[in-house]
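> pasting the sequence and the predicted model now:
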Amino acid sequence: MRLNNKRAIVTGAGRGIGFQIAKRFAEEGARVVATDVLEAGAEAVSVLSNAGLDIVFHRADVSQILDVRELAEFARRTLGGVDILVNNAAVNIPGSILELTEEIWDRTFDVNVKSIFLLSREIIPDMRGAGGVVINMGSANSYVAEPRLAAYVSSKGAILMLSKAMALDFGPDGIRVNCICPGWVDTSFNDRHAELFGGRDEVLKNIADIHPIGRTIQPEEIANTAVFLASDEARAITGAGILVDGGYTIK
Ligand SMILES: NC(=O)c1ccc[n+]([C@@H]2O[C@H](COP(=O)([O-])OP(=O)(O)OC[C@H]3O[C@@H](n4cnc5c(N)ncnc54)[C@H](O)[C@@H]3O)[C@@H](O)[C@H]2O)c1
């Protein structure tokens, strides 16, 4: 049990990578508040609590300050404090800057980047003193761009640098902040972007050109990295971008 007695919030935990992180945290002994804007997240998470894991769902749109405040209050009430915050929620709306509307640009930055600012601002003051861990979900696109993905890659670049800024500011308080940067993970997240290039199956035909490991990455593999970063095994790691990208950014 690598996270025994730890209390965690995981955003975007109704499905995909966030769901697996919340599940793995609970399996490692953490008490978890799993949150998502999707109502369906409640059902997914109830499967875990019914199986005996210490996990509860709370619906919140993390781009909205009132929802974020309610979420922080809920976590304080339910867990009595927060030791680990995973900012994982994001949207991925494809397009070059000529294809994107101002609304899409703003929505991308509100959900992907501003949410980290809003929720961390609520939780970090509670972590000061006892210490804590923040994990922000970046992407291989925090390092390299892709065609027709301008808003998303910009937001993921910002998340890596925001993680470094937070690591600097709160290191003296015993708070570590890192950024996981996945390659192509097997969820539906990339489907809209892939549609612009012939669809998911067509793009994945050339997966060996994208990932030298020759396959996509499983959400559990990202969750295992999150468990490590959240645990004391990673106590010397802060301000880092941790690539879990099957070698995507090698060349
Ligand atoms: N799948 C990939 O290939 C890949 C690669 C690199 C990085 N990532 C990152 O991993 C994270 C999770 O992606 P995923 O693949 O699991 O996708 P996903 O779409 O399955 O999960 C994203 C979750 O975020 C939630 N969400 C969206 N907007 C929200 C909001 N305003 N408030 C609260 N929740 C909201 C969604 O409802 C969804 O449950 C994202 O940060 C994404 O950028 C994914």
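Looks like it came in fine. Note that the structure is a prediction, hence the values are computed from the model and not measured.

> which residues does the one residue in the chain that gets nearest to the ligand contact?
Among all residues of the chain, Gly16 sits closest to the ligand, at 2.3 Å; criterion: CB to the nearest ligand atom. Where you see a C-beta, it was placed from the backbone N, CA and C, and this is true even at glycine. The contact partners of Gly16, by CB atoms under 8 Å, 6 or more residues apart in numbering, come to Val185, Thr187, Ser188, Phe189, Pro219.

> now Ser188
By CB under 8 Å, 6+ apart, the contact list for Ser188 reads Gly16.

> number of nearby residues for Glu39?
A count of neighbours around Glu39, defined by other CB atoms under 10 Å, yields 10.

> also Ser142?
25.

> that one - nearest residue in space that isn't next to it in sequence?
In space, not counting the residues next to it along the chain, Ser142 is nearest to Leu160; the distance is 3.9 Å by CB to CB, 6 or more residues apart in numbering.

> the strand or helix carrying the one you found: what's the following helix or strand?
Leu160 is part of helix 150-170, with elements assigned from DSSP states H and E. Toward the C-terminal end, the helix or strand that comes next after helix 150-170 (DSSP H and E) is strand 175-182.

> what comes up buried for that next one?
The neighbour-count criterion (16 or more other CB atoms under 10 Å) identifies Ile175, Arg176, Val177, Asn178, Cys179, Ile180, Cys181, Pro182 as the buried residues of strand 175-182.

> the fourth one pairs with what?
Read that as Asn178. Applying DSSP bridges to Asn178 gives these bridge partners: Ile135.

> what sits against it?
The contact partners of Asn178, by CB under 8 Å, 6+ apart, come to 133-136, 163, 167, 229, 234, 237-242.

> stretch 47-55: how far from the chain's middle?
Here the centre of mass of C-alpha atoms in stretch 47-55, compared against the chain's by CA atoms, centre = their mean, to the nearest Å, lies 21 Å away.

> what residues sit buried inside that stretch?
Residues of stretch 47-55 classed as buried: Leu48, Leu53, Ile55 (neighbour count, 16+ other CB under 10 Å).

> make JSON lines out of the residues you listed and add distance to the ligand.
Written out in JSON lines, the entries for the buried residues of stretch 47-55 read as follows (distance: CB to the nearest ligand atom, whole Å):
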{"residue": "Leu48", "distance to the ligand": "15"}
{"residue": "Leu53", "distance to the ligand": "18"}
{"residue": "Ile55", "distance to the ligand": "15"}
